[in-house]
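1. What follows is a predicted structure for the sequence shown.
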Amino acid sequence: MRTSCGFVNYVLIRYYSCMSAEHYQYVLERLLNVLRNERRGLLLAYGLQPVQFDVLNYLAMANRYSDTPMAVTEFLGLTKGTVSQTLKVLEKEELLLKVCDLKDKRVVHLQLTPRGRGLVQEGFPSKVLKQVLDKQPMTGSSGLERLSVLLRTLQQANAYRSFGECRTCMHNQHLPSGMSRCALTGEELSQRDTELICREHSLAEGF
């Protein structure tokens with residue numbers, strides 16, 4: 001049985017043997033820096049910080065089981081204090097709303113306002129990235145698949161939640177009606193629900 005570090009090394013050798021881990025990390029970190037710098041220009045017009053956009057972007061992808069302050073904290077790896085202050089700013093700017101759960105009033109859901117959703121749509125995905133991919137489309141999906149494998153492996157090695165799409169989760173049950181149901185909650189899921197990410201996600205076999 002491989003250790004976490006051993007498994008990471010195995011994946012790096014198996015899928016990325018043509019280049020070193022150092023090279024891949026350098027390229028990935030530089031890409032991230034470029035994308036963040038591009039986004040800063042957009043956020044200046046709104047008077048927002050990158051971390052505040054990160055929260056909005058996460059909430060735009062999160063399902064109804066994952067749109068809580070705790071889920072935001074886990075997904076972004078921030079402290080509770082940082083998330084609390086960030087949410088206050090976003091609520092003041094009318095970019096999100098806090099809504100009490102109908103079944104459990106102790107649970108607070110975070111919902112984007114139309115203004116907040118519009119900001120996310122303006123800033124994600126990167127316009128430059130989209131232009132590049134439109135002009136030079138990547139044939140096949142092997143590159144994205146390899147990055148996805150690397151991401152999942154690093155998440156497992158560090159005991160992070162995967163926050164994957166509902167449709168790829170082992171708890172997603174397909175019903176004869178064409179709908180889906182969450183085996184954890186027993187609730188039916190719409191097509192849109194299955195496309196959102198969830199903090200309870202566990203990757204099903206075949207993905």
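-> Looks like it arrived, so ask away.

2. what comes into contact with the helix or strand harbouring G41?
-> If you go by DSSP states H and E, G41 is part of helix 21-44. Residues from elsewhere that reach helix 21-44 (CB atoms under 8 Å, 6 or more residues apart in numbering): 12, 16, 49-50, 52-53, 122-123, 126-129, 150. (Each C-beta comes from the backbone N, C-alpha and C, glycine too.)

3. So which of the residues you listed are in strands?
-> Residues of these located in strands (DSSP state E): none.

4. can you pull the buried residues of the helix holding G41?
-> Burial within helix 21-44, assessed by neighbour count using 16 or more other CB atoms under 10 Å, is assigned to 35, 39, 42-43.

5. can you confirm K98 is in a strand?
-> Yes: applying DSSP: H, G, I helix; E, B strand; the rest coil, one finds K98 inside a strand.

6. Give me the neighbour count for it.
-> 13 (other CB atoms under 10 Å).

7. quick one: contacts for it?
-> Taking CB under 8 Å, 6+ apart, one finds 87, 91, 108-111 in contact with K98.

8. Look up the closest residue to E187, ignoring the ones flanking it.
-> R181 (6.8 Å; CB to CB, 6 or more residues apart in numbering).

9. For the one you found, report the pLDDT, please.
-> On the pLDDT scale, R181 is placed at 91.

10. Any idea what it is bridged to?
-> For R181, the beta-bridge partners under DSSP bridges are Q173, E188.

11. what residue is smack in the middle of the protein?
-> For the chain, the residue nearest the mean C-alpha position is Y58 (5.7 Å; CA atoms, centre = their mean).

12. for it, helix, strand, or coil?
-> From three-state DSSP, the assignment for Y58 is helix.

13. who touches it in this structure?
-> Contacts of Y58 (CB under 8 Å, 6+ apart): 72, 75-76.

14. Out of those residues, who's the most crowded?
-> Neighbour counts for the contacts of Y58 (other CB under 10 Å) peak at V72, which has 24 neighbours.
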